[in-house]
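[1] just coords:
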């Protein structure tokens, strides 16, 4: 088989990894139809953290992206990113199930999800529940570098993943840590152990090696790759579809993608980046420190963004260095959601306060108690664990059990007359923030950054509230005026 298929990650992982989800809904909508023409096997489209981010920071209702985006994307199978388990905080199962049901109703019928410890013991039940709701599951097998993450470990975990009966397995290099040399030894192990379950390959470009690892992976039998469209490729995102397709053709493979419509997509998002002051994804130089802190692509931009908010962006390098020490203290967890957030948050707190573990967030206490994976209790540095659990707050969490309210109980608390979508929105984003949304959170209108002049004028003429439009460039001008009907 020489055909190579692609999963597009531009508006989900590219937006999250490079732009900290700072691209507005209105910036994605105008180019969605062109993205649909490229022939991607599927496209990552949505994740639940968008509810809080978009409502609280962008003053937009992310359901508008789901409603309007799915109207524009008809050929490409759309993906949710997440499952029926909690990612950052303990979320009631009834809310997660309702969210999946609503997304399936809009045509999102695939999800890619993880267990942070590659613990597939409970995955079979979750995968079955997702299937009943109408969603196929791609189970992540996450790559990491530590004394514990050996070939034997990945052979065992790939077999356990396959036994959970997912639709597919995704070999996921979230930290961009895989080298071509390691790929040659490990990928055959993963493919063999996965058996008949197809395997996708998802990698971040943090160390600059992901494009090379993709090519090695294809030579070794990988046939489904995750890529993004520039400027939302490279950097801490996925490899560029243009680069990978070009190199695959040079190697004699057939990339199943039409690059022509993606030229307009690249121009559009580049215009958005320049207009909004967002970074252009570029290939990065190799950085050995990446193998120490292992902070994943989805966190690099978020850490910098949060430090910038408090005026401490200059502490970024120190926070990354501290993250390496915290990860060792925590027993070398895989740096993936939510464990990477706990390591990164604790590292930032240690740096900002100038004293290690002076303050500890609740999630780190929960980690030490095994709430986020029983393996943590076994692998943590015992002295650090004792220090975390010696504080009074830890005693409050020791015997805590996650409440599992019914959907009716959640409705009684948030509003019995709410629609399912409004209930979900208010649960994640908060009542006060939703109530404060201007115009119900309708997204701001953006023009397509690659529209020819005729279509640009056409869209401008349809804008309400403007009676005159004047466009002027050197040697060229257009004036339009609406007149009352005679």
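    Ah, there it is. Keep in mind that this is a model prediction, so the values were computed, not measured.
[2] which stretches of the chain aren't confidently modelled?
    86-89, 296-298, 449-462, 465, 473-476, 483-486 (pLDDT under 70).
[3] go with 80
    For the chain, the stretches flagged by pLDDT under 80 are 1, 85-90, 122, 289, 296-302, 306, 446-486.
[4] max-length helix in it?
    helix 260-276 (DSSP state H).
[5] List the buried residues for that one?
    Buried residues in helix 260-276, counted by 16 or more other Cβ atoms under 10 Å: 261, 262, 264, 265, 266, 267, 268, 269, 270, 271, 272, 273. Every C-beta, even on glycine, is put in place using the N, C-alpha and C of the backbone.
[6] Give the burial count for residue 463, as a bare number.
    10 (other Cβ atoms under 10 Å).
[7] and the nearest residue to residue 5 once chain neighbours are set aside, what does it touch?
    Spatial nearest neighbour of residue 5, excluding adjacent residues (Cβ to Cβ, 6 or more residues apart in numbering): residue 41 at 4.4 Å. With contact taken as Cβ atoms under 8 Å, 6 or more residues apart in numbering, residue 41 is in contact with 5, 6, 7, 76, 77, 224, 256.
[8] So residue 172: helix, strand or coil?
    strand (DSSP: H, G, I helix; E, B strand; the rest coil).
[9] My understanding was that it contacts residue 143; is that so?
    Yes. Using Cβ atoms under 8 Å, residue 172 makes contact with residue 143 at a distance of 6.5 Å.
[10] quick revisit: ok, and what's touching the longest helix of the chain?
    Contacts for helix 260-276 (Cβ under 8 Å, 6+ apart): 10, 22-24, 27, 30-31, 34-35, 37-38, 229-232, 241-242, 278-280, 446, 448-450.
[11] Buried only: go through those for me.
    Buried, going by 16+ other Cβ under 10 Å: 10, 22-24, 27, 30-31, 34-35, 37-38, 229-232, 241-242, 278-279, 446, 448-450, out of the contacts of helix 260-276.
[12] just the strands in the stretch 351-486 of the chain please.
    468-473, 476-481 (DSSP state E, counting those that start in this stretch).
[13] Quick check: which of those strands is nearest to residue 215?
    strand 468-473 (43.2 Å; Cβ to Cβ).
[14] Show me what the closest one is packed against.
    helix 453-461, strand 476-481 (3 or more Cβ pairs under 8 Å, 6 or more residues apart in numbering; DSSP states H and E).
[15] picking up where we left off before, which one of the strands of the stretch 351-486 of the chain lies closest to residue 375?
    strand 468-473 (61.2 Å).
[16] What strands line up against the closest one, and which way round?
    Sheet pairing for strand 468-473, assigned by DSSP bridges, gives strand 476-481 (antiparallel).
[17] Which residue ranges of the stretch 351-486 of the chain form helices?
    362-369, 375-379, 382-389, 392-397, 407-414, 420-429, 431-435, 453-461 (DSSP state H, counting those that start in this stretch).
[18] What residues of the second one count as buried?
    Under the neighbour-count criterion of 16+ other Cβ under 10 Å, helix 375-379 has 375, 376 buried.
[19] Assumed residue 333 was part of a strand.
    No. According to three-state DSSP, residue 333 belongs to no strand; its state is coil.
[20] contacting residues around it?
    116, 117, 327, 339, 340, 343, 373, 376, 379.
[21] Just name the closest of those residues to residue 53, please.
    Nearest to residue 53 out of the contacts of residue 333 is residue 340 (Cβ to Cβ; 17.3 Å).
[22] Report the distance from the helix or strand harbouring that closest one to the chain centre.
    Using DSSP states H and E, residue 340 sits within helix 339-353. Its chain's average C-alpha position is 20 Å from that of helix 339-353, according to Cα atoms, centre = their mean, to the nearest Å.
[23] on contacts alone, who are the packing partners of that helix?
    Looks like helix 339-353 contacts helix 297-309, helix 316-329, helix 362-369 (3+ Cβ pairs under 8 Å, 6+ apart).
[24] Verify the contact between residue 379 and residue 148 for me.
    Yes. Using Cβ under 8 Å, residue 379 is in contact with residue 148, at 7.5 Å.
[25] Find the residues that touch each one of those two.
    Common neighbours of residue 379 and residue 148 (Cβ under 8 Å, 6+ apart) are residue 332.
[26] ok, back up a step: filter the contacts of helix 260-276 down to just the ones in helices.
    27, 34, 35, 241, 242.
[27] and which of those is nearest residue 303?
    Out of these, the member with the shortest distance to residue 303 (by Cβ to Cβ) is residue 27, at 23.2 Å.
[28] tell me the domain ranges of this protein?
    3-276, 290-397, 453-486 (automatic domain parsing).
[29] Packed most tightly, which of those would that be?
    Among the domains of the chain, domain 3-276 has the highest mean neighbour count (mean count of other Cβ atoms under 10 Å), at a mean of 20.
[30] ends of it, how far apart?
    Terminal residues of domain 3-276 lie 37 Å apart, using Cα to Cα, to the nearest Å.
[31] how distant is that domain from the center of its chain?
    That offset, for domain 3-276, works out to 7 Å (Cα atoms, centre = their mean).
[32] hey, where'd the strands end up in the stretch 101-250 of the chain?
    108-113, 136-142, 168-173, 199-203, 224-227.
[33] State the distance from residue 334 to residue 342.
    Counting by Cβ to Cβ, to the nearest Å, the separation of residue 334 from residue 342 is 12 Å.
[34] Identify the residues contacting the closest residue to residue 11 other than its chain neighbours.
    Using Cβ to Cβ, 6+ apart and skipping residues adjacent in sequence, the residue nearest residue 11 is residue 28, 5.3 Å away. If a contact means Cβ under 8 Å, 6+ apart, then residue 28 has 11, 65, 69 as its contacts.
[35] Repeat that for residue 140.
    112, 113, 114, 115, 169, 170, 172, 202, 336.
[36] quick revisit: and of the buried residues of helix 260-276, the nearest to residue 365?
    residue 273 (39.2 Å).
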